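Trainee: Return atomic coordinates for the entry below.
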Amino acid sequence: MSVVTGPTPTPTPTATPTPTGSASADATALASDPGATAIIFGAGDLSARSTPYEIGVATHFAYASKSGYDAATTTQWMKAANVTAFRDDIFWNDFAPDWDVNGSHLAPAISGFLKQTSARPMFILTNGNPFIPESWPPISAAGRAAFVAFAKRAVAATAGRNAMYEIWNEWNVTAAPDKPMLMTAGEEGDVRAARYYAALASDTVAAIKDSTPDTKVIVGAGGSDPSWDWIADAVARGAAKRADGVSVHLYNQCERTDLRTATAAIARLYQLQTRLASVTGGQTPPIYISEWGWPGGSLSCSVASSVVATSVPQFLLHTAALPWVAGSWIYELKDSGTNANDLEHHFGLYDAAGNAKPALCGFSEAAQIVRNATAMSVQQVGSGLTVVRAATPQGLQVIAWSSLAGRTGRLTVGGTAAYSTRTLCQSATAGTADRTVTVGEMPVVIDVPGVSRLGVNARLL
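Mentor: Presented below is the predicted three-dimensional model:
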């Protein structure tokens with residue numbers, strides 16, 4: 001399939017208000033506003049990360065059936081989207097084919113892409129090998145040992161790229177493809193159960209860490225897990241004991257229509273944090289959201305493009321402001337196909353022909369905000385207004401949005417310091433005389449350069 005290069009989304013430059021702000025300019029004095037929440041902060045009040053939040057996309061160089069990826073165009077698209085990482089597969093049966101089951105034969109498409117991109121890889125080490133006994137699924141001691149050997153060879157073959165490695169993909173779905181998706185932790189004898197994944201994950205993590213201690217290894221990546229029973233049981237059984245984090249997939253496109261949003265997904269993320277804390281003695285491991293997103297189209301589980309366009313930046317900005325979330329990988333960079341009746345074909349930021357979809361701009365601009373921030377924190381105001389506070393090299397910043405369809409919020413910027421404001425994917429303007437900013441579902445950014453502390457009154461209207 002020929003790939004058409006889509007337009008490059010260019011973040012709208014921030015307007016330069018007059019006069020120029022300074023560190024001594026007043027930006028905290030707030031007028032009385034009964035019913036509003038007063039938010040006053042400086043950079044030191046925010047959560048600074050020891051390592052940057054990974055902004056990733058799913059690619060499919062390893063899938064022959066998901067054609068249309070070429071290294072040069074994909075690299076260009078990823079730069080346009082401001083991503084820092086990608087997630088793709090290293091299949092056991094492709095890496096060590098039938099003619100050399102102990103070999104280290106990285107797929108040529110992956111090798112070619114690695115030569116062109118500087119983005120950080122997350123490689124999924126997954127699937128069985130029909131030429132290796134007990135490899136599908138690898139639940140016996142012999143099967144696990146064979147998988148561990150494969151994993152160590154895969155790590156060695158991709159050394160030097162600061163890659164992350166994820167152990168398997170959606171075990172509760174793929175371990176028994178002839179059975180329905182497992183929605184619980186599972187029972188003994190059911191190969192989909194968390195106990196069998198935990199054994200494989202703990203063996204593999206230990207072997208990789210013993211040979212290359214600095215290699216980052218992530219466990220989890222379960223399929224639909226409504227109450228987080230499966231991942232909680234896997235972690236409780238030691239899957240994450242030496243791992244660098246726990247990965248999850250977060251989708252809600254088949255929920256009730258009003259719950260197919262970033263707000264509902266983020267609510268489940270907080271539930272996950274609580275659930276993991278309950279099985280780890282409160283020491284929640286870093287969470288990697290290795291798949292998230294919403295499909296467009298017209299099927300029963302499709303989501304309107306206008307909802308996807310606002311949910312995508314909301315989700316990225318909110319999760320980036322949570323210090324216990326290490327990164328997220330949107331599914332996916334490009335639509336996997338053109339079949340209107342296949343939901344899996346409609347998750348991309350680009351369509352299958354390479355045209356930018358409505359969500360791309362908001363994703364790209366939100367990603368740029370995250371990459372520019374030196375510290376971030378998030379809070380809820382009322383029942384539907386989200387406010388992210390951020391420190392940047394230029395000054396302080398507030399990003400806010402309403403999560404309620406048809407409802408708006410209002411922010412009033414404190415003091416007299418100059419500021420500018422813009423809705424993502426729209427032009428920036430200087431602040432108004434009354435210093436108020438209306439907030440809708442698309443995130444709004446308020447930049448106050450050169451100040452050490454900033455205050456805003458925030459309220460849902």
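
Trainee: Provide a complete list of residue ranges assigned to helices in the stretch 151-300 of the chain.
Mentor: 171-174, 194-211, 229-236, 262-279 (DSSP state H, counting those that start in this stretch).

Trainee: Reformat those helices as TSV; add distance to residue 98.
Mentor: All C-beta atoms are positioned from the backbone trio N, CA, C, and that covers glycine. Shown next, in TSV, are the helices of the stretch 151-300 of the chain (distance: least, C-beta to C-beta, whole Å):
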stretch	distance to residue 98
helix 171-174	20
helix 194-211	22
helix 229-236	31
helix 262-279	39
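
Trainee: closest to residue 107 out of those?
Mentor: Proximity to residue 107 (C-beta to C-beta) singles out helix 171-174 among the helices of the stretch 151-300 of the chain, at 18.9 Å.

Trainee: and that closest one, how far from the chain's centre?
Mentor: In terms of C-alpha atoms, centre = their mean, to the nearest Å, the centre of helix 171-174 is set 21 Å apart from its chain centre.

Trainee: could you say what helices and strands that helix packs with?
Mentor: Counting contacts by 3 or more C-beta pairs under 8 Å, 6 or more residues apart in numbering; DSSP states H and E, helix 171-174 is packed against helix 194-211.

Trainee: Can you list the neighbours in contact with the helix it packs on?
Mentor: Outside helix 194-211, the residues that touch it by C-beta atoms under 8 Å, 6 or more residues apart in numbering are 125, 137-139, 144-145, 147-148, 151-152, 155, 165, 167-168, 171-172, 175, 185-186, 188, 215, 217, 219, 229-231, 233-235, 237-243.

Trainee: Narrow those to those in strands?
Mentor: 125, 165, 167, 217, 219 (DSSP state E).

Trainee: Highest neighbour count among these?
Mentor: residue 219 (32 neighbours; other C-beta atoms under 10 Å).

Trainee: got any ranges where this structure has weak pLDDT?
Mentor: Along the chain, the model assigns pLDDT under 70 to residues 1-25, 64-67.

Trainee: middle-most residue in it, spatially?
Mentor: By C-alpha atoms, centre = their mean, the chain has its centre lying nearest to residue 328, at 1.8 Å.

Trainee: Give the helix, strand or coil label for that one.
Mentor: Under DSSP: H, G, I helix; E, B strand; the rest coil, residue 328 falls in the strand class.

Trainee: If you drop the residues flanking it in sequence, what lies closest to it?
Mentor: Once flanking residues are discounted, residue 328 sits nearest to residue 289: 3.9 Å by C-beta to C-beta, 6 or more residues apart in numbering.

Trainee: again with residue 212
Mentor: residue 155 (6.1 Å).

Trainee: For that neighbour, list the residues it contacts.
Mentor: Residues in contact with residue 155 (C-beta under 8 Å, 6+ apart) are 163, 165, 208, 211, 212, 215.

Trainee: Name the nearest of those residues relative to residue 130.
Mentor: Using C-beta to C-beta, the contacts of residue 155 come closest to residue 130 at residue 165, 22.7 Å.

Trainee: Show me what that closest one is bridged to.
Mentor: residue 123, residue 217 (DSSP bridges).

Trainee: was I right about it contacting residue 150?
Mentor: No: proximity of residue 165 to residue 150 does not meet the contact threshold set by C-beta atoms under 8 Å, at 11.3 Å.

Trainee: Spit out the residues that contact these two alike.
Mentor: With C-beta under 8 Å, 6+ apart, residue 165 and residue 150 have common neighbours residue 125.

Trainee: Show me where the stretch 351-461 of the chain has its strands.
Mentor: Assigned by DSSP state E, counting those that start in this stretch, the stretch 351-461 of the chain shows strands spanning 375-381, 385-392, 395-402, 409-413, 420-423, 429-430, 436-439, 444-449, 453-460.

Trainee: The residue nearest to residue 328 and residue 214, how far apart?
Mentor: 23 Å (C-beta to C-beta, to the nearest Å).

Trainee: Which one of these two is surrounded by more residues?
Mentor: residue 289 (24 against 7).

Trainee: Now for the more buried one: which residues touch it?
Mentor: Counted by C-beta under 8 Å, 6+ apart, residue 289 has contacts 247, 248, 249, 250, 269, 319, 325, 327, 328, 329.

Trainee: Now the buried members of the contacts of helix 194-211.
Mentor: 125, 137-139, 144, 147-148, 151-152, 155, 165, 167-168, 171-172, 175, 185-186, 215, 217, 219, 229-231, 233-235, 237-243 (16 or more other C-beta atoms under 10 Å).

Trainee: Show me what the closest residue to residue 374 other than its chain neighbours is bridged to.
Mentor: Leaving aside its chain neighbours, residue 374 sits nearest to residue 391 (4.9 Å; criterion: C-beta to C-beta, 6+ apart). Counting by DSSP bridges, residue 391 forms beta bridges with residue 375, residue 396.

Trainee: what's the burial count for residue 391?
Mentor: 23.

Trainee: I'd assumed residue 375 was in contact with it.
Mentor: Yes: Residue 391 lies in contact with residue 375 (C-beta under 8 Å); the separation is 4.6 Å.

Trainee: which residues are common contacts for these two?
Mentor: The overlap between the contact sets of residue 391 and residue 375 (C-beta under 8 Å, 6+ apart) consists of 43, 46.

Trainee: ok, the residue nearest to the centre of the chain touching residue 286?
Mentor: No: under the criterion of C-beta under 8 Å, residue 328 makes no contact with residue 286, lying 11.9 Å away.

Trainee: buried sites along stretch 401-414?
Mentor: Buried positions in stretch 401-414, judged by neighbour count with 16+ other C-beta under 10 Å: 401, 402, 403, 404, 407, 409, 410, 411, 412, 413, 414.

Trainee: among those residues, which two are most distant?
Mentor: Taking C-beta to C-beta, no two of the buried residues of stretch 401-414 sit farther apart than 404 and 414, at 25.0 Å.

Trainee: Off-centre distance for stretch 273-284?
Mentor: 21 Å.

Trainee: From start to finish, how long is it in a straight line?
Mentor: 7 Å (C-alpha to C-alpha, to the nearest Å).

Trainee: Next, format the contacts of residue 155 as JSON lines and append distance to residue 337.
Mentor: Below are the contacts of residue 155 laid out as JSON lines (distance: C-beta to C-beta, whole Å):
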{"residue": "163", "distance to residue 337": "28"}
{"residue": "165", "distance to residue 337": "28"}
{"residue": "208", "distance to residue 337": "34"}
{"residue": "211", "distance to residue 337": "39"}
{"residue": "212", "distance to residue 337": "37"}
{"residue": "215", "distance to residue 337": "34"}
